[in-house]
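# here are the coordinates; sequence isn't available:
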């Protein structure tokens, strides 16, 4: 599938700002099942300095600074990507390794540290007994790991309500579990908390998903949003992606921008600005199917 | 004295190893000379020397701050007259051990942020590193040129019951104490010159020379004339004294985060002359506080974009960000094997016995032996709990075990040890106290070796079984003496001497701002004290209670005091109670620190600004600041007694004048002096106008007016001048002439304004293209107003016979407004505008839990 993704972030400052430094994690990455054909970015006002960098996890990010007075900041990233059907779509969930064996394998000398780092706690992910108990209802003894994960995915989907505005990025995963409400970030964080609590390695994926407008309605520009889901490490299949918000095994409608331990590693736009007062943010995302 | 000590510490039943006393009550060989000298001196002389040391340190302003201490920010630094002593022979081992450990840690650090082979090959468990908050992923693959990544290293050493030296902590992020060590040695040298000579105590100065040399060599860009700065968290930091002291000892610029900015990928220092490139930053700010963009977003101590400047190799930060990973005590358990693997040597200095809970076998050992162990987090911060196995209840043990089982890699257990004891002079007695010694190691980039300071900072604590080693607060510091001549082999030449070069005097804008405010508050305090003295004099002279109608002079002076101190309405509120019983308000105007405008508050602000620029003030000046601070405390104690306060006021005048005199005498006529005086004269000019306006520009009976004129002249120390100049009775025209217009009189507003203008003319001008700067234009406006005014017209009643002196009042009002505008323009032209730092991402969690 081919997509054109447009991600526009606008900041309006209450008072003029004299200086800002920013990190942008919105650049789609090449990946086994994703090829980035073209990237354009436009930042207003023109940055004094801009550099494309790679982080610890292999993600691309942009550093830029603006050193003139400004009242508005706009970051627009446009990319064309082509997504192939991932190999895991054809995998038989029942034929995957029992999940306990995956846990043991992860702790063996065979597993790479680049994978193992994702079974540890991180800024947003803590081991919580109650979350572990919830997970074990899907991860029954001896159950194939992918089958158990699909079950967990659909339980999260049906037990949790997608409720914008109830949480923000500082909401703890324990509270998300308590109220069973949140947005895609919370669904992803909760999935990670579940998987890591039983000893599996799972990482956060940020990106976009194509949304289909209601029948007969035109698709509106900017109606999409940035999205988040997770990838579970399954030996033989590699990082296998699941989207609890939509109860999906990720196929070719998800565009990936970054991988990390959780949101904190891949915050789409971080910035420190010097001004006399606070700011307001508006985000527009559009994911458009090409051809 | 020594005999008593030997009986106490040399007792074979003592659970401690004693530094001085060998078992059986003998003095150890390397202590003999000292012990003999102490016996000769006797306890009384020792106490006296101890007082001399305290005096010396106090005179030098050596302090540390206690964050949580609400009463004043400075505590005197305490130094025991009895040093920690190492024999030549033992030091040889310690020095080799420290060098080896620094080499080892340097290799480990290079690997952790490089290929991580040690982790891949199993020499270091991956989760020991990956779960530690000191492992900064942003710093991955960043190297400074050359083999040294770890530039400064400190180890805390202790001695166990069998006399063996152990490493208690490795300090690699921003180790502190080297400045205090230098002050300790200076004080000891002053008080015990003979003992230092006779015992051949080694000098510590080569450490600082090597440090300085290394810092200048680490520049990446500007090799000719590198700019090195010391980044301090600020005046509130507990070791701020040392930051200021080290910066001036090393001849580098002391800066705070807000003084630096990143632009074009470079780090710049905001100075009065504009931006100056910074090449090397020695940081005393903790790792994650250094750049709010990439680390802790709520930090205001760092520099936004610093990490990117490091990535671009435009600046070198010492120690590099990420070094804190080496402070992980779990690493200690793996050092012996790593040492064999990396250096092919046995580890010379063992660490205190440490078990990292991340491995099952060790965890089991820890659980089985909890009563003999302490358990702590692998990450050191103030909140990290410390569990003393023997003090835990059954329930607490279960909880701790569960926690460790959940996150085993975050915990280590360490053996509870009985630290050695060493004599300390406490309450007229030599007492055996536990001691910890902090060593200092710096990379010598020229000789490509680590250089160990021949001494260090020791601390002693009341002796206790199983001393809890994390509790480092409190205690008394000790100088550390390494005895005997330097070994001949590596000739300890001080690092190659740079030719003396006059460094361009750099004044960070923030420092300039503090100097400006120092001047403003200085003269605010002076005017305030003078006016208050006069008010109190009149108040004390009255016969009985105050009748506002008849005691008009006093009432006007009280109102004038409210105007001068900016505490209106105050006495001007026409509140009869306040006017008839003014004591309460007067006391408040003197001592209330929390109320803007009071004398106490002006003095406090004066001291705070003085503290912020202490690296720019001479030692003697600093002593005066200290004595003003003491006087302020005395005045606060007199908080309910106006008579006693009157005496404090006299003292303040003397001390404030001494401060002014000393600065005029020994501050070079550079920008810093000019800004101080700009602040002073601006304040003075505005205060004079305010007094003239509130005390003289009003309608009163002629006899009251006379009295007021006399008092106003007195408050400006100008009565004698007036009599000398006019030789007549007091007349309003004469008074105004003298205090406003006469440009030969250093007290006149016109004189003060032209002085300010002279200073501004000499300060760098970044704003105007030729012509007068906006600030100087404003001053010229004020000066012209005065020069063109007609005094007679100002004081004459107008056509309707109005005696209210409206013209004078309006004129002074206009003048004060113009001077206020000038102050604003000066402020904007030279100092950074107040903008706040905002983060896009909300964070309510300063240190994300891992």
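Yep, it's here. Keep in mind the model is a prediction, meaning the values are calculated, not measured.

# tell me the SS of residue B:303?
Of the three states, residue B:303 takes coil under DSSP: H, G, I helix; E, B strand; the rest coil.

# and residue B:80, by the same measure?
Quick answer, by three-state DSSP: residue B:80 is strand.

# can you name the residues bridging to it?
residue B:478 (DSSP bridges).

# just checking, it touches residue B:480?
No - in this structure residue B:80 lies outside contact range of residue B:480 using Cβ atoms under 8 Å: 11.1 Å. Every residue, glycine included, has its C-beta placed from N, CA and C.

# quick check, pLDDT for the closest residue to residue B:182 other than its chain neighbours.
Leaving aside its sequence neighbours, residue B:182 sits nearest to residue B:249 (Cβ to Cβ, 6 or more residues apart in numbering or on different chains; 6.4 Å). As predicted, residue B:249 sits at a pLDDT of 88.

# tally of neighbours for residue B:249?
Residue B:249 is flanked by 18 other residues according to other Cβ atoms under 10 Å in any protein chain shown.

# let me see the contact set for it.
Going by Cβ atoms under 8 Å, 6 or more residues apart in numbering or on different chains, residue B:249 touches B:179, B:182, B:208.

# can you classify the last one by secondary structure?
In three-state terms, and counting by three-state DSSP, residue B:208 is helix.

# give me the distance between it and residue B:152.
Distance, residue B:208 to residue B:152, by Cβ to Cβ, to the nearest Å: 12 Å.

# go on, the first one?
When distance is defined by Cβ to Cβ, residue B:179 is 13 Å away from residue B:152.

# where does chain B dip in pLDDT?
Along chain B, the model assigns pLDDT under 70 to residues B:65-74, B:465-474, B:488-505, B:766-769, B:798-802, B:832-834, B:842-850.

# any idea how far the most centrally placed residue in it lies from chain A?
Among the residues of chain B, the one closest to the centroid is residue B:240, at 2.7 Å (Cα atoms, centre = their mean). Counting by Cβ to the nearest Cβ, to the nearest Å, the gap from residue B:240 to chain A is 25 Å.

# and that residue, what does it touch?
Taking Cβ under 8 Å, 6+ apart, we find residue B:240 in contact with B:65, B:232, B:233, B:234, B:611.

# contacts only, for residue B:308.
Neighbour list for residue B:308: A:21, A:51, A:63, A:65, B:262, B:265, B:293, B:294 [criterion: Cβ under 8 Å, 6+ apart].

# you'd agree the third one is in a strand?
Meaning residue A:63. Yes - assessed with three-state DSSP, residue A:63 lies in a strand.

# wait, doesn't it sit right on residue A:54?
No - with contact defined as Cβ under 8 Å, residue A:63 does not count as touching residue A:54 (11.3 Å).

# chain B contacts on the stretch 151-291 of chain A?
Within the stretch 151-291 of chain A, the residues that sit near chain B (Cβ under 8 Å from any Cβ of the partner chain) are A:168-170, A:264, A:267, A:269-279, A:281.

# now do 7 Å
A:168-170, A:264, A:267, A:269-276, A:278-279 (Cβ under 7 Å from any Cβ of the partner chain).

# so residue B:515 makes contact with residue B:612?
No - Residue B:515 lies out of contact with residue B:612 (Cβ atoms under 7 Å); the separation is 9.0 Å.
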